[in-house]
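> Only the shape, not the letters, is given here:
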């Protein structure tokens, strides 16, 4: 009997020890998953993973472009060589007009987007949280979001004239519905448990909106902001292409229209290139860092 009890004790002790080791290993694994790497990424890895792929893609586009020019697939006045477009860039730089083209459009676009943000955020919260407002305004916001921004240019010109107010009106009409609908979508995806827990802790009204609803709806809200900027930029380009006046200056859209009027495809490609670069730069400098920060805060992005 004593031998049997000793054997059982050893077996039980060994099993307990094994379970303890297993739990310790599981805990260590979970801690490793939750640990965010704060070390700096090696430059070689950044070069290979982030810098080299877009550079290679751009070089491939330029090579294919030049091959099409050499092969004379279309007439030269329809498809200029990359060197001709580069000449437009160089001339604008030497004349000091390159930064003016960019700043005229970027300043309007960012200011219009900030105004749309200030209007679309409270509007989205109101639509998301008040059933009557959602029933009354929700379908209108969805309809406005699907309406092409260029459709607002003629009435904006007739109402406000050829000035910056017309430009901002077109931007607002294009961006506000996207921002508001993005926030509504984010609020709709907030788990009800979060709201009940917030009410239990006393987070109601504006306090609950600020501390519970907005942080939980942040991913959908951020997607709405990105879409809102895209609508802002496209709305502005449409307004600059259609409406021209000395008071408005020459933005990227007006530069594109000037190239069409002068029948200069090199200028047209130059304007398209600048519009594309600005759009990519805004995404890389503003929205991509915000998105990474949100994902990292939720444990969805381990590497910086």
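On my side now, so go ahead. Just so you know, these numbers come straight off a predicted model, no measurement behind them.

> Quick check: residue 218 touching residue 294?
Yes - shown here, residue 218 and residue 294 form a contact pair, counting by CB atoms under 8 Å, at 5.5 Å. From N, CA and C alone the C-beta is placed, and that goes for glycine too.

> Compare those two (neighbour count), which wins?
Legend: neighbour count by other CB atoms under 10 Å for residue 218 and residue 294, higher for residue 218 (19 against 16).

> so where's the stretch 151-300 of the chain shaky on pLDDT?
Along the stretch 151-300 of the chain, the model assigns pLDDT under 70 to residues 202-209, 211, 299-300.

> Got phi/psi on the spatially most central residue of the chain?
Central residue of the chain (CA atoms, centre = their mean): residue 226, 3.0 Å from the mean position. Here the main-chain torsion angles of residue 226 (degrees, to the nearest 10) amount to phi -60, psi -40.

> Report the separation between residue 232 and residue 138.
22 Å (CB to CB, to the nearest Å).

> more neighbours, these two?
Set residue 232 next to residue 138 and count neighbours by other CB under 10 Å: residue 232 wins out with 31 against 16.

> Which of the three states applies to the more buried one?
Using DSSP: H, G, I helix; E, B strand; the rest coil, the structure places residue 232 in helix.

> So what's the gap between stretch 288-302 and the chain middle?
Distance of stretch 288-302 from the chain centroid (CA atoms, centre = their mean, to the nearest Å) equals 14 Å.

> again with stretch 255-274
With CA atoms, centre = their mean, you get 26 Å for stretch 255-274.

> List the contacts of that stretch.
Residues from elsewhere that reach stretch 255-274 (CB atoms under 8 Å, 6 or more residues apart in numbering): 77-80, 84-85, 87-89, 92, 101-102, 237, 240-241, 244, 250, 252-253, 275.

> One more: stretch 214-231?
Stretch 214-231 is contacted by residues 109, 113, 116-117, 120, 124, 145, 149, 174-183, 185-191, 194, 279, 282-283, 287, 290-291, 294, 298 when judged by CB under 8 Å, 6+ apart.

> and what of stretch 70-81?
Residues from elsewhere that reach stretch 70-81 (CB under 8 Å, 6+ apart): 65-66, 68-69, 263, 265-266, 269.

> Would you mind listing the buried residues in that stretch?
79-81 (16 or more other CB atoms under 10 Å).

> how about CSV for the residues you listed, with pLDDT, distance to residue 161 and secondary structure added?
Below are the buried residues of stretch 70-81 laid out as CSV (pLDDT from 0 to 100; distance: CB to CB, whole Å; DSSP: H, G, I helix; E, B strand; the rest coil):
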residue, pLDDT, distance to residue 161, secondary structure
79, 85, 38, coil
80, 87, 36, coil
81, 87, 41, coil
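
> Go through the residues you listed and name the one nearest residue 59.
Residue 59 lies nearest to residue 81 out of the buried residues of stretch 70-81, by CB to CB, at 15.6 Å.

> And that closest one, how far from residue 265?
For residue 81 relative to residue 265 (CB to CB), the value is 10 Å.

> Equivalent analysis for residue 148, please.
Taken as CB to CB, the span from residue 148 to residue 265 is 25 Å.

> These two: who's more crowded?
A side-by-side neighbour count of residue 148 and residue 265, using other CB under 10 Å, places residue 265 first with 18 against 11.

> Roughly how far does residue 161 sit from residue 169?
11 Å.
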